[in-house]
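What follows is a predicted structure for the sequence shown.
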Amino acid sequence: MIDQTGLIYCAGVQSAPPGFLRLAGHPVRWRLLTELARTDRQVRELTGLLGQPQSLVSYHLGQLRAGGLVSARRSSADGRDSYYRIELTRCRELLAETGLALHPGLALHPGLGSGPASGPGSGALRVRTRVLFLCTGNSARSQLAEALLGQLGRGAVDAASAGSRPKPLHPEAVRVMREHGIDISGWRSKHLEEFSGQRFGYVITLCDRVREVCPEFPGHPRLIHWSIADPAGEADPRAAFRRVAAELRTRIGFLLARLGE
């Protein structure tokens, strides 16, 4: 029997669907999650995509944030705006718990749909693709992303990076990549004009400012935005670079899972 609250009564036992199902199962929230799974977005962009009032979109974003499925970061280009991002690692954890709540045979196992946990890029890509990472200075974030994708892509992806106003490669970028087993000490910063006219499968902006000046590239590449703070501006740059490298490694792992679709 099902009562008006949606709780299920069976032989005197009361249960409810796992929190992930109740939170993500709402049509508006599910649409928000699917949009954010593609790219970080501002509220006004999500409002336009969903065709819903901003107050309603903000309410459901608040619900998703409270549940840990979505987080927000103040835009570095315009402090009045915020970028929302999906927490894919948390979603994966909750999906695993949801499966176990229904049946132990639905547990996620390495290599069986567990995403980056089974090894980023573990599935062979059907078609070799090119990915361009952009930030303002091409001295930190985009260089880290290029290096990590080159490592995790296992030769199946051509990674490149550039900036709208290039600056010398940050020494902490070199240091943190050494910790990941990658030597970028001989790399240089590049202006995005060096790649003008070239074709890419994906163009990923890592800086809120460069997103606004990102030029068009031929072939209609997929445009993705990851709103990531500049680690060079933090009080503890070494810790900030490590944190950014870890975030990029996670995001790139999920990106590779999508490239292998």
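All right, it came through fine.

In space, what's closest to residue 165 - neighbours in sequence excluded?
Spatial nearest neighbour of residue 165, chain neighbours left out: residue 136 (5.5 Å); criterion: CB to CB, 6 or more residues apart in numbering. To be clear about C-beta, it is placed using only N, CA and C from the backbone, and glycine gets the same treatment.

Now do the contacts for that neighbour.
Residues near residue 136 by CB atoms under 8 Å, 6 or more residues apart in numbering: 163-165, 207, 209-210, 230.

The same query, at a cut-off of 6 Å, please.
163-165, 207, 209-210 (CB atoms under 6 Å, 6 or more residues apart in numbering).

ok, residue 234 touching residue 242?
No: the pair residue 234 / residue 242 is not scored as a contact, 10.7 Å apart, by CB atoms under 6 Å.

neighbours of the closest residue to residue 244 other than its chain neighbours, just the number please.
Spatial nearest neighbour of residue 244, excluding adjacent residues (CB to CB, 6+ apart): residue 231 at 4.6 Å. By the criterion of other CB atoms under 10 Å, residue 231 has 24 neighbours.

can you pull the contacts of residue 231?
Contact analysis of residue 231 by CB under 6 Å, 6+ apart lists 140, 240-241, 244.

How about residue 138?
Residues in contact with residue 138 (CB under 6 Å, 6+ apart) are 161-163, 166, 189-190.

now swap in residue 252 and tell me
Residue 252 touches 148-149, 152, counting by CB under 6 Å, 6+ apart.

and which of the residues you listed is nearest residue 41?
Distances from residue 41 to these, taken as CB to CB, are shortest for residue 149 (22.1 Å).

Can you tell me the element the closest one falls in?
Here residue 149, judged by DSSP states H and E, is contained in helix 141-152.

packing partners for the helix or strand that comes right after that helix?
Using DSSP H and E, the helix or strand that follows helix 141-152 in sequence is strand 157-163. In terms of contacts (3 or more CB pairs under 6 Å, 6 or more residues apart in numbering; DSSP states H and E), strand 157-163 is packed against strand 129-135, helix 141-152.

between strand 157-163 and strand 129-135, how many degrees?
Note on geometry: by axes from the mean of the first three to the mean of the last three CA atoms, to 10 degrees, strand 157-163 and strand 129-135 are set 20 degrees apart in direction.

Tell me the most packed of the contacts of residue 231, by neighbour count.
Counting neighbours by other CB under 10 Å, residue 140 comes out on top of these with 30 neighbours.

ok, it - contacts?
170, 173, 231-232.

Report the secondary structure state of the residue lying closest to residue 68 once chain neighbours are set aside.
If the residues on either side of it in the chain are set aside, residue 68 comes closest to residue 90, at 5.0 Å by CB to CB, 6+ apart. With DSSP: H, G, I helix; E, B strand; the rest coil as the basis, residue 90 sits in helix.

burial measure for residue 90, as a count.
So residue 90, with other CB under 10 Å, has 15 neighbours.

Over to residue 43?
A count of nearby residues for residue 43, using other CB under 10 Å, gives 16.

coming back round to it: residue 201: which of the contacts of residue 136 is nearest?
Closest approach to residue 201 among the contacts of residue 136 (CB to CB): residue 210, at 18.9 Å.

coming back round to it: could I get the helices and strands packed on strand 157-163 in a markdown table, plus columns for distance to residue 185, mean neighbour count and mean pLDDT?
What follows is the helices and strands packed on strand 157-163, written out as a markdown table (distance: least, CB to CB, whole Å; neighbours: other CB atoms under 10 Å; pLDDT from 0 to 100):
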| stretch | distance to residue 185 | mean neighbour count | mean pLDDT |
| --- | --- | --- | --- |
| strand 129-135 | 19 | 24 | 95 |
| helix 141-152 | 11 | 26 | 96 |
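
right, and these - which one's nearest residue 220?
Of all these, the one in closest proximity to residue 220, counting by CB to CB, is strand 129-135 (13.5 Å).

What backbone torsions are found at residue 17?
The phi/psi pair for residue 17 (degrees, to the nearest 10) reads phi -60, psi 150.

Oops, could you answer that again for residue 222 instead?
The phi/psi pair for residue 222 (degrees, to the nearest 10) is phi -70, psi 130.
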